[in-house]
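Colleague: this one's sequence-less:
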């Protein structure tokens, strides 16, 4: 196993190609549940969890599809796997770790339609990652999501109480402008390289 | 059949992107040239209309508890069809849209219309709704692509006009690269939604008087 390779995949997923701010995957929950800090953190951890699991499962499912010559069914198969996975995780948590289940609450079912999760499964196939690389990419992609949503939520909490915005920019538009400035900061990472 | 009213809702008062705030990811990600915007808009419109028709036709058969999963399967089927068709006939657009074509499955516009309209209305009305909402989405994509492409790289109609290169309006080195980067997506959409809110505020004031 090549550690530098894994390191560069992780760094790429967290900073250089951040799922939200550079690749635009997962914008809906990013903009939707970032009004309060604690919900943002909950959503972030739920996404890490599901993205890691989804990468692993979709990798196996893809092997099966390739073996059966059914690659064109990827999209349908992946979304079904993810939907089933989210449902399963929900039931499992409810039974085994009720405290975590309550903390994540409504965010779990929402993850099915988070395009970062389906996106990571499709990107793993596109990049020809092996099993370990896929899982690492999934988890660190989720970490990148957590990082972005936590930063964004803390800015929005401040904006809500202290900033005076022009009337027509109130609410969503100013959040988008904020996200744009964050994306600008993150595009500064694009020169970063791991040897 | 109230086609006019539905069209007005799709284009303006209930515009899926600017008012309902759905389908942000693809809107911001791919709008860097006119061909991208048009390709994505038309694909989504076709998928939205077809899935609305099927879901509305099946609305009495699908059990309530697993309806979301059933919707997603229907949508994924149509997305796969469009994906394969694009790869076969328009490989350039398929390449530049990349992973965002299969990701139409999780585009919230389609699922939201299925849940809030197609599952409650007849086939014909759902088809009209799909077309109108799709046109509204396409319109926003086109406006965003034109703005970002013009300010970012100084061309109009990239990928379609002038043999794919687009019509050059000012030299490329004067373009604001910022707008073609992800930043530009957030900023342009933010300003468009602000414009929409301003227009709505004005509309309300007029009615008040």
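Modeller: Received, thanks. Small disclaimer: the values here were computed from a predicted structure and weren't measured.

Colleague: all contacts plus neighbour counts: C-alpha atoms, from now on.
Modeller: Will do.

Colleague: check contacts around the residue lying closest to residue A:109 once chain neighbours are set aside.
Modeller: Of all residues not flanking residue A:109 in the chain, residue A:86 sits nearest, at 6.5 Å (CA to CA, 6 or more residues apart in numbering or on different chains). Residue A:86 is in contact with A:50, A:108-109, A:111-112, counting by CA atoms under 8 Å, 6 or more residues apart in numbering or on different chains.

Colleague: residue 37 - how many residues pack around it?
Modeller: I went with chain A, as the question did not name one. Residues lying near residue A:37 (other CA atoms under 10 Å in any protein chain shown) number 18.

Colleague: you looked at the wrong chain, it should be chain B
Modeller: Residues lying near residue B:37 (other CA under 10 Å) number 28.

Colleague: now name the helix or strand holding it.
Modeller: For residue B:37, the element it lies in under DSSP states H and E is helix B:34-57.

Colleague: by contact count, what packs against that helix?
Modeller: helix B:24-30, helix B:67-89, helix B:91-97, helix B:108-113, helix B:123-153 (3 or more CA pairs under 8 Å, 6 or more residues apart in numbering or on different chains; DSSP states H and E).

Colleague: once you drop chain neighbours, what's closest to residue 72?
Modeller: Assuming you mean chain A. Leaving aside its sequence neighbours, residue A:72 sits nearest to residue B:80 (CA to CA, 6+ apart; 7.3 Å).

Colleague: I was after chain B.
Modeller: What sits nearest to residue B:72 in space, not counting adjacent residues and going by CA to CA, 6+ apart, is residue B:105, at 7.0 Å.

Colleague: closest to residue B:188 out of the contacts of residue A:86?
Modeller: Closest to residue B:188 out of those is residue A:111 (26.6 Å), distances taken as CA to CA.

Colleague: need the pLDDT of the most centrally placed residue in chain B.
Modeller: Nearest to the geometric centre of chain B sits residue B:137, at 3.3 Å (CA atoms, centre = their mean). In this prediction, residue B:137 carries a pLDDT score of 93.

Colleague: surely it is in contact with residue B:14?
Modeller: No: applying CA atoms under 8 Å as the test, residue B:137 and residue B:14 come out as separate, 10.6 Å apart.

Colleague: where's the worst-scoring helix or strand of chain B on mean pLDDT relative to the chain centroid, distance-wise?
Modeller: For chain B, using mean pLDDT, DSSP states H and E, the weakest element among its helices and strands is strand B:167-168, scoring a mean of 76. Chain-centre distance of strand B:167-168: 25 Å, with CA atoms, centre = their mean, to the nearest Å.

Colleague: next, the angle helix B:67-89 makes with the helix or strand where the residue nearest to residue A:109 lies.
Modeller: Using DSSP H and E, residue A:86 sits in helix A:74-96. Using axes from the mean of the first three to the mean of the last three CA atoms, to 10 degrees, the inter-axis angle of helix A:74-96 relative to helix B:67-89 is 150 degrees.

Colleague: flag every buried residue along helix A:74-96.
Modeller: A:74-83, A:85-86, A:89-90 (16 or more other CA atoms under 10 Å in any protein chain shown).

Colleague: got the helices and strands packed on helix B:34-57 as JSON lines, with distance to residue A:18 columns?
Modeller: Shown next, in JSON lines, are the helices and strands packed on helix B:34-57 (distance: least, CA to CA, whole Å):
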{"stretch": "helix B:24-30", "distance to residue A:18": "13"}
{"stretch": "helix B:67-89", "distance to residue A:18": "25"}
{"stretch": "helix B:91-97", "distance to residue A:18": "18"}
{"stretch": "helix B:108-113", "distance to residue A:18": "21"}
{"stretch": "helix B:123-153", "distance to residue A:18": "22"}
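
Colleague: out of those helices, which is closest to residue B:53?
Modeller: Taking CA to CA, helix B:123-153 is the member of the helices and strands packed on helix B:34-57 nearest to residue B:53, at 5.4 Å.

Colleague: enumerate the residues of chain A near chain B.
Modeller: Selection of chain A residues close to chain B by CA under 8 Å from any CA of the partner chain yields A:21-28, A:72-73, A:75-76, A:79-80, A:83, A:113-115, A:118-119, A:122-123, A:167-170, A:172-177, A:179-181, A:183-184.
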